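Participant: below is the sequence, then the predicted model.
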Amino acid sequence: MRPVAPLGFLKRRVYVPHARIPEGRMVELPGRGATYVTDTPGPTPDAPTVVLLHAVGCTGLLTWFPSIGPLSRRYRVVTLDQRWHGRGIHSAEFSLVDCADDVAALVEVLDLGEVIVAGYSMGSIIAQRVWRQHPEVVAGLVLCATTDRFRSTVAERVFHQGMEVTMAGARGLSRSRTTARAARAAGRATNQALDIAPVDIHDWAVEEFRSTSPWAVGQAVAALGRHHSRPWLHRIDVPTAVVVTRRDRVLPPDNQVALARRIPGATIHVVDAGHAACVMESERFVPALLEAVATVNARHRGVRRPRTDDPPPSASESA
């Protein structure tokens, strides 16, 4: 078994910004399961809503806790734990399609109406799928550290093909309720072995990180390897902003820019930071995120999309 670094060592070597951690609750999504949700109010009851979707191997809070406070000065901010992550839904299999459906179900349960969907890394992939599967709930998109496919190089193809074969071979185990419970318990057991109690921000971050098992991460990575949105990106019809992590070694920044150029009217907001910018370099990432969300919100307020229940345009409006 790989030795675990002492918590004191991690505290000295890993930067974790200090920020208020909002309280959350379990929310039942009818017919789907329950997931952990935080719902931070904005400055007014009618403030626009931003739904934040997290990165692989993380939770809603772990990816977004440095951003929630600054965003809530102008918006209502909602996070959730995606399937197989943290306190998210544990289904027989992990599917990006199901993750997108979960987001739409949460929007309905909380009666949020149209929302700006912002995603980081894996969350940006799910955000794309939310628009694809449920465009009626999407006011705009903010895609951070994103891509339209993961098999763009030989190395990526070899990695994802190998991961897919490995996870497919073990997929029967994932359907076992016993295995699902064991995977979820693994994170708790590690915390207990380390004697971790969330007494400060570092302890909390380690506990949050350990709440997603390596098994779940493998399933999610295998699913991400099958993602390919390039054929339909040009049909995205909502205001979109792409936050590009310029020093990203996981998702090449050139690919992020290329994705933005495939979406009509998408704006590009560059951060001089790496793939973990949302936390490790949050002082650079958060201002770019705020700019991106503000741009999308302003464009949405200025251009209202017609809905199927809107009355037909008059002759003068059709001209």
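Facilitator: Cool, got the structure.
Participant: so where is the stretch 51-200 of the chain shaky, pLDDT-wise?
Facilitator: Applying pLDDT under 70 to the stretch 51-200 of the chain flags residues 151-199.
Participant: rerun at 90
Facilitator: 150-200 (pLDDT under 90).
Participant: which stretches of it form helices?
Facilitator: 60-72, 96-109, 122-133, 154-169, 171-174, 177-194 (DSSP state H, counting those that start in this stretch).
Participant: can you check the stretch 201-319 of the chain too?
Facilitator: With DSSP H, counting those that start in this stretch as the criterion, the stretch 201-319 of the chain has helices spanning 201-210, 214-224, 253-262, 277-280, 282-302, 315-318.
Participant: what lies in contact with the fifth one?
Facilitator: Helix 282-302 is contacted from outside by 17, 48, 50, 66-67, 70-71, 74-75, 114, 116, 118, 139-142, 144, 238-243, 245, 265, 267, 269-273, 277-278, using CB atoms under 8 Å, 6 or more residues apart in numbering. C-beta: built from backbone N, CA, C; applies to glycine.
Participant: cool, stretch 85-92 as well?
Facilitator: Contacts for stretch 85-92 (CB under 8 Å, 6+ apart): 26, 29, 32-36, 54, 56-60, 62, 80-84, 98, 102, 174-175, 180, 183-184, 208, 211-212, 216, 220.
Participant: mind redoing it with 6 Å?
Facilitator: By CB atoms under 6 Å, 6 or more residues apart in numbering, the residues outside stretch 85-92 that reach it are G33, T35, Y36, T59, D81, Q82, R83, R175, A180, S211, T212.
Participant: list the buried residues of the helix or strand containing the third one.
Facilitator: Under the criterion DSSP states H and E, the helix or strand holding Y36 is strand 33-40. Judged by neighbour count (16 or more other CB atoms under 10 Å), strand 33-40 contains these buried residues: G33, T35, Y36, V37, T38, D39, T40.
Participant: ok, stretch 70-78 next?
Facilitator: Quick answer for stretch 70-78 (16+ other CB under 10 Å): P70, L71, S72, R74, Y75, R76, V77, V78.
Participant: do stretch 98-111 as well
Facilitator: Those would be D98, C99, A100, D101, D102, V103, A104, A105, L106, V107, L110, for stretch 98-111 by 16+ other CB under 10 Å.
Participant: again, but for stretch 220-232
Facilitator: Buried residues in stretch 220-232 (16+ other CB under 10 Å): A220, V221, A222, A223, L224, G225, H227, S229.
Participant: can you check stretch 235-243 too?
Facilitator: Buried residues in stretch 235-243 (16+ other CB under 10 Å): I236, V238, P239, T240, A241, V242, V243.
Participant: the first one contacts I263, correct?
Facilitator: Yes. Using CB atoms under 6 Å, I236 and I263 qualify as a contacting pair, with a distance of 4.9 Å.
Participant: looking at the contacts of stretch 85-92, which has the most residues close by?
Facilitator: In terms of neighbours by other CB atoms under 10 Å, the contacts of stretch 85-92 top out with Q82 at 30 neighbours.
Participant: got the contact list for that one?
Facilitator: G88, C99.
Participant: repeat for L143
Facilitator: Contacts of L143 by CB under 6 Å, 6+ apart are S124, V242.
Participant: hey, what's it bridged with?
Facilitator: G119, V242 (DSSP bridges).
Participant: next one, pLDDT for F9 please.
Facilitator: pLDDT, F9: 43.
Participant: coming back round to it: would a markdown table of the buried residues of stretch 220-232 with distance to A294 be doable?
Facilitator: Shown next, in a markdown table, are those (distance: CB to CB, whole Å):
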| residue | distance to A294 |
| --- | --- |
| A220 | 30 |
| V221 | 32 |
| A222 | 36 |
| A223 | 32 |
| L224 | 29 |
| G225 | 33 |
| H227 | 28 |
| S229 | 25 |
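Participant: one step back: now, among the contacts of stretch 85-92, which is nearest to R129?
Facilitator: Nearest to R129 among those: Q82, at 11.5 Å, using CB to CB.
Participant: what's the separation between the closest one and S213?
Facilitator: Relative to S213, Q82 is positioned 14 Å away (CB to CB, to the nearest Å).
Participant: do the same with V138
Facilitator: 31 Å.
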